[in-house]
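K.L.:
Only the shape, not the letters, is given here:
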């Protein structure tokens, strides 16, 4: 596990050196999201089904990852900006203990759920090779965009992509004209 951590730090160092903004969002062909099962900080089991009907920003991160920590405040600002809208922000900590994550959260207050992946099983299942990596899922639970590297979530391209997914959830349903009943 130490080798993976070192590799992630090196990869993210390159991203960090390239600038704060990641290269861009990679669109995906609306594929069903891999399974996600993790516990929140209270020990409650969570899965993607808990967020069905909402656009989901799923962010894989770790407390030792400087680019991850740099983007966290923008995720919190995004949460506050989107109050009352169908957006769920979920941060999945990769391969750290609950105590390590609690120590981090005591310094940075976040209003969105933080899930634990202490063994890295979700990180592997989602094929995350660098931190941070974020997935944007539509309201039906399909992966629509992937971003490797940090971004400012409450502005620019990130906000535009999220707004486009939110607009899809708010499209009016097809209006069905009521059938006229004929007297018999």
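P.N.:
Done, it's in. On a predicted model such as this, the values are computed, not experimentally measured, just so you know. Numbering: from 1, shown residues only.
K.L.:
CA atoms for contacts and neighbours, from now on please.
P.N.:
Fine.
K.L.:
center of the chain - which residue?
P.N.:
residue 58 (1.5 Å; C-alpha atoms, centre = their mean).
K.L.:
Angles on the backbone of that one, please.
P.N.:
The phi/psi pair for residue 58 (degrees, to the nearest 10) reads phi -100, psi 110.
K.L.:
my read: it touches residue 93, true?
P.N.:
No: using C-alpha atoms under 8 Å, residue 58 is not in contact with residue 93, being 10.5 Å away.
K.L.:
Next one: the residue nearest to the centre of the chain from residue 34, what distance?
P.N.:
Per C-alpha to C-alpha, to the nearest Å, residue 58 is found 12 Å from residue 34.
K.L.:
residue contacts, the residue nearest to the centre of the chain?
P.N.:
89, 90, 91, 92, 134, 135, 136, 137 (C-alpha atoms under 8 Å, 6 or more residues apart in numbering).
K.L.:
quick one: which of these is nearest to residue 109?
P.N.:
Checking those against residue 109 by C-alpha to C-alpha gives residue 91 as the nearest, at 12.8 Å.
K.L.:
any idea which element the closest one lies in?
P.N.:
For residue 91, the enclosing helix or strand under DSSP states H and E is strand 87-94.
K.L.:
How about that strand, which residues are buried there?
P.N.:
If you call a residue buried by 16 or more other C-alpha atoms under 10 Å, then strand 87-94 has these buried ones: 87, 88, 89, 90, 91, 92, 93, 94.
K.L.:
Adding pLDDT, write these out as a markdown table.
P.N.:
Output for the buried residues of strand 87-94, formatted as a markdown table (pLDDT from 0 to 100):
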| residue | pLDDT |
| --- | --- |
| 87 | 98 |
| 88 | 98 |
| 89 | 98 |
| 90 | 98 |
| 91 | 98 |
| 92 | 98 |
| 93 | 98 |
| 94 | 96 |
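K.L.:
Show me which pair in the contacts of residue 58 is furthest apart.
P.N.:
92 and 137 (14.5 Å).
K.L.:
I'd like to know how far residue 133 sits from residue 160.
P.N.:
According to C-alpha to C-alpha, residue 133 and residue 160 sit 18 Å apart.
K.L.:
neighbour-wise, which of those two wins?
P.N.:
Neighbour tally, residue 133 and residue 160, criterion other C-alpha atoms under 10 Å: the higher count belongs to residue 133, 20 against 13.
K.L.:
Now do the helices in the chain.
P.N.:
Secondary structure of the chain by DSSP state H: the helices cover 2-18, 66-81, 98-107, 121-125, 156-169.
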